[in-house]
Structure formats: structure tokens, C-alpha cells
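# no sequence on this one, just coordinates:
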């Protein structure tokens, strides 16, 4: 059992806003992809992606590019770890927690493309499967607006 005190509701709200700001705006590639955070709490990490012409991988079929699928799953795995790290350190303020993300980076990514990326809207979810001191692992899923599973992923990230 942890002896750390939980952060206040105001501090948690500030941290949540900082996570969204980092993910949606400060990570430029996420902005290019158009990723929007729906939830960034440990155990419930979700982002939404609207289909746009710039994201099409096959002009004749209008399906989501495989690189976009992989990038979304990779980015989401990182967000899941950020949420997990924040939960692991409940006594730290927003600046302290945000500093912990400065060295986070992907070291392994596997994507299984299960179906064509067809749809107008996509939702990706992720869960942390391991959060160690130096390495974190996640599993991710991407579904379209009909709830069809498009792809799954598994990734490992360096934390320090």
C-alpha cells in the first residue's frame, strides 16, 4: 500500500489539462494526425481520430493509411503510460509528473492490421500491461465508427 497522499482535485484537473495539451498540441505529429483525447485516466485511455483526405492510404478505396494506424496506436500507448505514471506518483504536482515524460520513447512496436481502415471516425484505446522502473508495455486497439476492430498493437517504451 502506498503512503503517498493523493493529489487534490484541483491539481488532478490541472494535470489532466496538461496531459491533453501535451498530447494534442505540443506533440506536433499528433496535431498533424488530428488526435483528440477522450480520456487520459489510468485504466481508461482513449483518443478519437476523424478521417480526412490527408490520412487516406489508398486513393481508390479511401481507407486509412497503415502508417497512420501504426502512429495512432504508438502515440496512444505512450499516453497510456503517461496516465499510468501519473497514477503511480499521486503526491507529485503537475510539473513533477510532466517532467517524468521527457525521456519517454518507443523501443518496440508491433501492429496487426486486421481489416481495412474504412470509416469516418476511429477510436483507439490502450492499456498498460507492465509499468516498470525503466520499461513500460502497452496493448492498443483501433476501431472504426461501426465498432469494427481495424488493428491491434503492442509496444514497449523506455521510461528513463
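Done, it's in. Just so we're clear, the structure is a prediction, and the values are computed from it rather than from any experiment. Numbers count the residues shown, from 1 in each chain.
# which residues does residue 38 contact?
Residue 38 makes contacts with 46, 47, 48, 123, as judged by CB atoms under 8 Å, 6 or more residues apart in numbering. Using the backbone N, CA and C atoms, a C-beta is placed for each residue, glycine as well.
# I'd guessed the second one sits against residue 77; true?
No - look at residue 47 against residue 77 with CB atoms under 8 Å: they stay out of range, at 10.8 Å.
# got the buried residues for the worst-scoring helix or strand of the chain on mean pLDDT?
Lowest on mean pLDDT, DSSP states H and E among the helices and strands of the chain sits strand 56-58, with a mean of 89. Buried residues in strand 56-58, counted by 16 or more other CB atoms under 10 Å: residue 56.
# contact partners of it?
62, 63, 64, 65, 66, 67, 68, 117.
# how many residues are close by the first one?
Same thing as residue 62. Residue 62 has 15 neighbours, counted by other CB atoms under 10 Å.
# what of the third one?
Taking other CB under 10 Å as the criterion, the count of residues near residue 64 is 25.
# please name the strands paired to the helix or strand hosting residue 124 in the sheet, noting orientation.
Take DSSP states H and E as the rule and residue 124 turns out to sit in strand 121-131. Using DSSP bridges, the strands paired with strand 121-131 are strand 44-50 (antiparallel), strand 135-144 (antiparallel).
# pretty sure residue 14 is in a strand, no?
No - checked against DSSP: H, G, I helix; E, B strand; the rest coil, residue 14 lies outside a strand; its state is helix.
# mind listing what it touches?
Contacts of residue 14 (CB under 8 Å, 6+ apart): residue 94.
# counting neighbours, what do you get for residue 61?
Residue 61, neighbours per other CB under 10 Å, totals 11.
# of the contacts of residue 38, grab the buried ones for ChimeraX.
Command for ChimeraX, covering only those of those found buried under the criterion 16+ other CB under 10 Å:
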select :46,47,123
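# okay, now residue 115: neighbour count?
For residue 115, using other CB under 10 Å, the count is 14.
# what's the answer for the one 5 residues further on, then?
The tally of other residues near residue 120 (other CB under 10 Å) stands at 10.
# then residue 17?
12.
# which residues of this structure score low on pLDDT?
Residue ranges of the chain with pLDDT under 70: 1-4.
# max-length helix in it?
Secondary structure of the chain per DSSP state H: the longest helix is helix 66-88.
# tell me what angle that helix forms with strand 44-50.
150 degrees (axes from the mean of the first three to the mean of the last three CA atoms, to 10 degrees).
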